[in-house]
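K.L.:
next input, structure requested:
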Amino acid sequence: MMNVSRPAVHPVDSVPVAPPANDRPPARMKDVQGMPGTTGGLILRLSQFVPALISFSVMITTSDYRSATAFCCLVLAVSLQSLWSLALFFIDAYALLVKRSLRNHLIVQCFTVGDGITSTLTFAAASASAGITVLINDFDRCNVNHCTRFETAVAMAFISWFAVSPSFILNFWSLASF
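P.N.:
Down below sits the predicted model:
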């Protein structure tokens with residue numbers, strides 16, 4: 001007779017069971033450049049801040065920007081845009097320095113809402129200011145007003161808005177992937 005091992009003599013360890021599929025962490029989307037906490041996001045924030053600051057500076061140094069409400073709204077919108085972009089620039093820089101991820105649902109939601117509000121305000125104020133600038137040009141009042149300064153400020157506001165759009169889209173996309 002053959003010597004066959006029996007379970008009573010040699011106990012068999014139980015095979016570990018894989019955890020159920022529900023306990024696994026959800027698959028996360030890769031960090032795409034331009035999202036918060038990435039080098040691309042840092043560059044986007046800087047490219048939003050600089051034109052907004054230039055637009056603000058040009059409008060403030062123009063003596064008669066208070067002559068139209070649209071120009072006052074532009075000053076308010078680009079100042080808000082520059083403060084928002086500067087604050088998020090510092091947050092992104094800090095996250096990169098300490099190698100922290102900004103992929104928290106609440107953080108991304110705050111970034112998305114803030115980008116949406118500031119971009120909408122900047123676009124609306126730039127569009128209204130562009131309309132007033134064209135009206136001033138049509139009435140040949142450029143010798144009295146500072147048309148080139150107004151045009152420069154409006155162009156910088158549109159560039160700032162154009163730079164906010166990818167940030168908003170990437171944050172919104174990231175928010176949808178949570």
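
K.L.:
low-confidence bits of this structure, can you list those?
P.N.:
Along the chain, segments meeting pLDDT under 70 span 1-30.

K.L.:
need the longest helix for it.
P.N.:
In the chain, assigned by DSSP state H, the helix with the most residues is helix 105-138.

K.L.:
just checking, what packs against that one?
P.N.:
helix 69-97, helix 147-176 (3 or more C-beta pairs under 8 Å, 6 or more residues apart in numbering; DSSP states H and E). To be clear about C-beta, it is placed using only N, CA and C from the backbone, and glycine gets the same treatment.

K.L.:
got those helices as JSON lines, with mean neighbour count and distance to Thr61 columns?
P.N.:
Shown next, in JSON lines, are those (neighbours: other C-beta atoms under 10 Å; distance: least, C-beta to C-beta, whole Å):
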{"stretch": "helix 69-97", "mean neighbour count": "19", "distance to Thr61": "11"}
{"stretch": "helix 147-176", "mean neighbour count": "20", "distance to Thr61": "8"}
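
K.L.:
which residues touch Leu42?
P.N.:
By C-beta atoms under 8 Å, 6 or more residues apart in numbering, Leu42 lies in contact with 89, 92-93, 96.

K.L.:
that older thread, any idea of the angle the longest helix of the chain forms with helix 147-176?
P.N.:
When axes from the mean of the first three to the mean of the last three C-alpha atoms, to 10 degrees is applied, the directions of helix 105-138 and helix 147-176 differ by 160 degrees.

K.L.:
relative to helix 69-97, how tilted is helix 105-138?
P.N.:
Here helix 105-138 points in a direction 150 degrees away from that of helix 69-97 (the same axes, to 10 degrees).

K.L.:
quick one: buried residues of helix 105-138?
P.N.:
107-108, 111-112, 114-115, 118-119, 121-123, 125-126, 128-130, 132-133, 136 (16 or more other C-beta atoms under 10 Å).
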